[in-house]
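Enquirer: okay, predicted coordinates and the sequence, questions at the end:
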Amino acid sequence: MLLTGVVLLLAVIRLALWLIPFSLLRRLLEQSLLAAAFPPNLLRMPVERLAWAVRVASRAVPAASCLVQSLALQFLLTRSGRPSAVRIGVSKSDGGRFEAHAWVDCAGQTLLDRPEDVARYTPLASWEA
């Protein structure tokens, strides 16, 4: 049941990023009707399990980027009563190309990535929840 709900959540976030401004999407996620699909007791599992569910479910959603996954995981963490932050950072690749990446921090733990993987990014923006 969790994976099915997460696939739906990822798809809604992906579609919303195409159709509406980011600021509006953030507000909708804070007061979303999607919340009813994820009662807090359903989400009383370790944060690593929620991150796993997002990673696995993202395989079923085309273009489920790191930003889509991070927003979905933050939504789930918020529903389960855990504060978190979506971080967006940038870096230059070895070839000089600009790269951007999003990840989630929760209680000092980096989720959806390993800390050493995000260390190369300079944080530009953060959204706390």
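Expert: Nice, I can see it. Residues are numbered from 1 along each chain as shown.

Enquirer: any low-confidence regions in the protein?
Expert: 32-33, 41-43 (pLDDT under 70).

Enquirer: please enumerate the strands of it.
Expert: Assigned by DSSP state E, the strands in the chain fall at 85-92, 98-106, 109-111, 122-128.

Enquirer: look up how far residue 102 lies from residue 82.
Expert: Separation of residue 82 from residue 102 (CB to CB, to the nearest Å) stands at 18 Å. In this view, the C-beta of every residue, glycine as well, is placed from N, C-alpha and C.

Enquirer: for stretch 102-110, buried residues please.
Expert: The neighbour-count check on stretch 102-110 (16 or more other CB atoms under 10 Å) flags 102-106, 110 as buried.

Enquirer: for residue 87, give the beta-bridge partners.
Expert: Going by DSSP bridges, residue 87 is paired in beta bridges with residue 103, residue 126.

Enquirer: what number of residues lie near it?
Expert: Residues contacting residue 87 under the criterion other CB atoms under 10 Å number 20.

Enquirer: state the distance from it to residue 35.
Expert: Distance from residue 87 to residue 35, by CB to CB: 23 Å.

Enquirer: try residue 80
Expert: Residue 80 is 11 Å from residue 35, by CB to CB.

Enquirer: next: residue 98.
Expert: The value you get for residue 98 to residue 35, if CB to CB is used, is 35 Å.

Enquirer: likewise residue 62?
Expert: The value you get for residue 62 to residue 35, if CB to CB is used, is 25 Å.

Enquirer: of the two, give the one with the bigger neighbour count.
Expert: A side-by-side neighbour count of residue 62 and residue 35, using other CB under 10 Å, places residue 35 first with 14 against 9.

Enquirer: wait, isn't that one in contact with residue 28?
Expert: No. Between residue 35 and residue 28 there is no contact under CB atoms under 8 Å: 10.5 Å.

Enquirer: need the max-distance pair from the buried residues of stretch 102-110.
Expert: Distance extremes for the buried residues of stretch 102-110: the farthest pair is 102 and 106 at 13.9 Å, using CB to CB.
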